[in-house]
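Q: Got a predicted structure here, sequence first:
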Amino acid sequence: MLYMVIVPIIPDFLEELQREADRAEAAAPHTNLTNSTIHTAKGNFDLQIGVLFASKAILQLLVNPLSGTFIDRVGYDIPLFIGLNVMFLSTLTFAFAENYATLFLARSMQGFGSAFADTAGIALIADRYTEEKARSKALGIALAFISFGSLVAPPFGGVLYEFAGKRVPFLILACVCLLDGILCLTVLKPFSNRERENMPVGTPMHKLMIDPYIAVVAGALTICNIPLAFLEPTIANWMEETMHASQWEIGMTWFPAFFPHVLGVFLTVKLAAKYPHLQWFYGAIGMVFIGASSCTVPACKTFGQLMLPLCGICFGIAFVDTALLPTLAFLVDVRHVSVYGSVYAIADISYCVAYALGPVAAGQIVHDLGFVQLNLGMGLANVLYAPALLLLKNVTQMKPSFSERNMLLEDGPTGLYDTIKMEQREKKRKGLCTTLDENGIETFAQRSYSEEESSGGEYA
């Protein structure tokens with residue numbers, strides 16, 4: 001919710017600050033240089049808003065490579081707790097900020113916290129639910145709540161800002177964030193859990209990025225979110241100019257799209273449970289939905305007509321996200337090591353690319369080319385990318401060729417734990433088993449079964 005709650009609040013708040021500064025400047029003696037500076041600031045107001053909105057995604061984009069590696073090293077609980085604490089501080093900063101610099105700091109802190117909390121939360125779900133059906137369902141529930149927060153936040157923030165002031169919506173969200181942090185501390189117990197010490201080391205992020213299957217999924221996640229990221233900062237002005245929309249209509253623009261998004265998540269989870277080998281197809285259908293809906297947005301003449309393509313965009317995004325996020329975890333399971341921090345950091349980077357470009361580039365594209373051309377380009381990009389998901393057609397038939405620990409040790413042991421495991425594996429290959437005599441001393445006895453049985457037992 002914090003990502004979208006600022007949409008109806010911050011532009012109006014900054015305009016009010018600008019008016020107060022103008023009144024104060026008008027009441028005091030000023031020079032031509034000062035007048036020129038004020039005029040320039042007014043001219044750059046939209047750019048300042050765009051940079052402020054994009055700063056969260058930009059910093060998150062920069063921090064994600066570090067947060068993914070950190071999550072792989074220490075586990076999921078501690079980064080999740082760190083991210084929640086940073087977002088709590090960010091929300092409080094938003095509540096009490098009184099100038100552009102402080103708002104920019106708060107938005108950047110939000111990106112830093114999200115790089116840890118978002119990635120760790122999704123990776124934690126993938127780690128806890130190892131069976132594909134349960135994993136798809138759990139990730140679908142998480143996506144439904146993400147959609148709820150994103151689409152409900154603008155009317156929530158707008159109403160409270162109108163009747164209770166700027167601080168109230170941010171203080172409420174800060175309390176929610178604090179409660180979530182307390183639950184994380186008491187339920188997950190991040191600082192008492194040391195089970196990760198003897199777990200496999202995750203595949204480095206740069207190796208995951210060059211995996212062609214993961215690259216295709218990451219590209220799809222970026223392309224499918226571009227219409228949403230580019231329409232959010234531009235559709236309000238277009239609605240005012242073309243259909244003379246009221247403020248409540250602009251505030252409620254995205255709220256109806258929550259319901260088809262949840263429907264898309266539900267359908268994808270059900271279809272994936274029944275036909276798991278068609279995950280790539282569900283993602284492709286979603287991209288076609290997004291493309292077709294994006295192309296029809298400029299043709300809408302009334303608020304009611306506009307709801308249909310916006311609902312279609314969110315319905316398609318639900319299909320893509322719900323089908324492809326579990327696919328990332330499966331690809332890591334069968335092609336790499338089952339540690340999910342880095343792969344979901346790549347997914348987060350994919351989202352951030354779209355949302356970093358949207359607030360900065362969308363307005364300029366509309367100014368230079370037009371709103372119609374923007375939507376046609378986004379729709380065409382989604383439709384053209386959909387066939388690339390054919391590369392994922394045979395992913396469900398992949399099987400791991402050897403165990404995660406073998407993959408970890410293929411370059412030799414790197415620590416005491418790995419050295420012990422390597423020695424035990426070599427003894428198994430030689431047909432020896434470890435026993436304890438009556439004095440508690442390790443001895444070795446000849447195994448009665450073959451090396452193939454031994455290696456098979458290790459894999460099982």
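A: Right, received. Where do you want to start?
Q: which ones are touching Ile349?
A: Counting by Cβ atoms under 8 Å, 6 or more residues apart in numbering, Ile349 touches 61, 64-65, 218. Bear in mind the C-beta positions are built from the backbone N, C-alpha and C, glycine included.
Q: Check the separation of the first and last residues in stretch 329-346.
A: End-to-end distance for stretch 329-346, by Cα to Cα, to the nearest Å: 12 Å.
Q: So which bits of it are buried?
A: 329-346 (16 or more other Cβ atoms under 10 Å).
Q: Tell me the helix or strand right after the host helix or strand of Leu92.
A: Per DSSP states H and E, Leu92 falls inside helix 77-96. Reading on from helix 77-96 to the C-terminus, the next helix or strand found by DSSP H and E is helix 100-128.
Q: Output the contacting helices and strands for the very next helix or strand once past that next one.
A: As assigned by DSSP H and E, the chain's next helix or strand after helix 100-128 is helix 132-164. In terms of contacts (3 or more Cβ pairs under 8 Å, 6 or more residues apart in numbering; DSSP states H and E), helix 132-164 is packed against helix 2-5, helix 100-128, helix 167-183, helix 247-251, helix 258-274, helix 303-335.
Q: Adding distance to Gly83 and mean pLDDT as columns, could you present those in JSON lines?
A: Below are the helices and strands packed on helix 132-164 laid out as JSON lines (distance: least, Cβ to Cβ, whole Å; pLDDT from 0 to 100):
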{"stretch": "helix 2-5", "distance to Gly83": "12", "mean pLDDT": "80"}
{"stretch": "helix 100-128", "distance to Gly83": "3", "mean pLDDT": "92"}
{"stretch": "helix 167-183", "distance to Gly83": "9", "mean pLDDT": "92"}
{"stretch": "helix 247-251", "distance to Gly83": "29", "mean pLDDT": "73"}
{"stretch": "helix 258-274", "distance to Gly83": "23", "mean pLDDT": "91"}
{"stretch": "helix 303-335", "distance to Gly83": "18", "mean pLDDT": "92"}
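Q: how about these in CSV, adding distance to Pro204?
A: What follows is the helices and strands packed on helix 132-164, written out as CSV (distance: least, Cβ to Cβ, whole Å):
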stretch, distance to Pro204
helix 2-5, 29
helix 100-128, 15
helix 167-183, 30
helix 247-251, 44
helix 258-274, 29
helix 303-335, 12
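Q: and of the ones you listed, who's closest to Ala142?
A: helix 100-128 (5.9 Å; Cβ to Cβ).
Q: and the angle from the closest one to helix 132-164?
A: 160 degrees (axes from the mean of the first three to the mean of the last three Cα atoms, to 10 degrees).
Q: residues in contact with stretch 49-57?
A: Under Cβ under 8 Å, 6+ apart, the answer for stretch 49-57 is 3, 6-7, 10-11, 14, 100, 103-104, 107-108, 110-111, 114, 233, 351-360, 363.
Q: okay, which residue is most central for this structure?
A: With distances taken as Cα atoms, centre = their mean, the residue of the chain nearest its centroid is Asp348 (4.0 Å).
Q: report the angle between the axes of the helix or strand in which that residue is found and helix 77-96?
A: Take DSSP H and E as the rule and Asp348 turns out to sit in helix 341-368. Using the same axes, to 10 degrees, the direction of helix 341-368 lies 30 degrees away from that of helix 77-96.
Q: Give me the mean pLDDT for helix 341-368.
A: Across helix 341-368, pLDDT averages out at 89.
Q: one step back: quick one: mean pLDDT over the helix holding Leu92.
A: pLDDT averaged over helix 77-96 gives 93.
Q: Okay, buried residues for that helix please.
A: Quick answer for helix 77-96 (16+ other Cβ under 10 Å): 77-95.
Q: number of nearby residues for the residue nearest to Ala318 when sequence neighbours are not counted?
A: The shortest distance from Ala318 to any residue other than its chain neighbours is 2.8 Å, reached at Gly264 (Cβ to Cβ, 6 or more residues apart in numbering). Neighbour count for Gly264, taken as other Cβ atoms under 10 Å: 30.
Q: just checking, Gly264 touches Gly312?
A: No. The pair Gly264 / Gly312 is not scored as a contact, 9.9 Å apart, by Cβ atoms under 8 Å.
Q: The nearest residue to Ala106 once chain neighbours are set aside and Glu16, how far apart?
A: The shortest distance from Ala106 to any residue other than its chain neighbours is 3.8 Å, reached at Thr93 (Cβ to Cβ, 6+ apart). As for Thr93, its distance to Glu16 is 19 Å (criterion: Cβ to Cβ, to the nearest Å).
Q: repeat for Glu232
A: Counting by Cβ to Cβ, the gap from Glu232 to Glu16 is 22 Å.
Q: What of Ala257?
A: 29 Å.
Q: same check, this time on Phe230
A: 27 Å.
Q: Pick out whichever of these two has more residues nearby.
A: Under the criterion of other Cβ under 10 Å, the comparison of Phe230 against Glu16 puts Phe230 first, with 25 against 11.
Q: does the more buried one really touch Met378, like I thought?
A: Yes. Under the criterion of Cβ under 8 Å, Phe230 is in contact with Met378, at a separation of 6.2 Å.
Q: wait, Ala388 sits on Val217?
A: No. Ala388 is not in contact with Val217 according to Cβ under 8 Å; the separation is 9.8 Å.
Q: Settle it for me: which of those two has more neighbours?
A: Higher neighbour count among Ala388 and Val217: Val217, with 29 against 18, using other Cβ under 10 Å.
Q: Please report the distance of that one from Ile125.
A: From Val217 over to Ile125 the distance is 17 Å, taken as Cβ to Cβ.
Q: now swap in Cys352 and tell me
A: Counting by Cβ to Cβ, the gap from Cys352 to Ile125 is 20 Å.
Q: between those two, who's got more neighbours?
A: Set Cys352 next to Ile125 and count neighbours by other Cβ under 10 Å: Cys352 wins out with 27 against 21.
Q: Would you mind confirming that that one makes contact with Leu61?
A: Yes. When contacts are counted by Cβ under 8 Å, Cys352 is listed as touching Leu61 (4.0 Å).
Q: Around the closest residue in space to Asp77 that isn't next to it in sequence, how many other residues sit close by?
A: Residue nearest to Asp77 in three dimensions, not counting chain neighbours: Pro190, with 3.4 Å by Cβ to Cβ, 6+ apart. Neighbour count for Pro190, taken as other Cβ under 10 Å: 18.
Q: State the distance from Pro190 to Ser338.
A: Distance from Pro190 to Ser338, by Cβ to Cβ: 20 Å.
Q: For Pro387, which three-state class applies?
A: helix (DSSP: H, G, I helix; E, B strand; the rest coil).
Q: ugh, wrong one, I meant Pro190
A: Assigned with three-state DSSP, Pro190 falls in the coil class.
Q: Cys184 is in contact with that one, correct?
A: Yes. In this structure Pro190 lies within contact range of Cys184 using Cβ under 8 Å: 6.7 Å.
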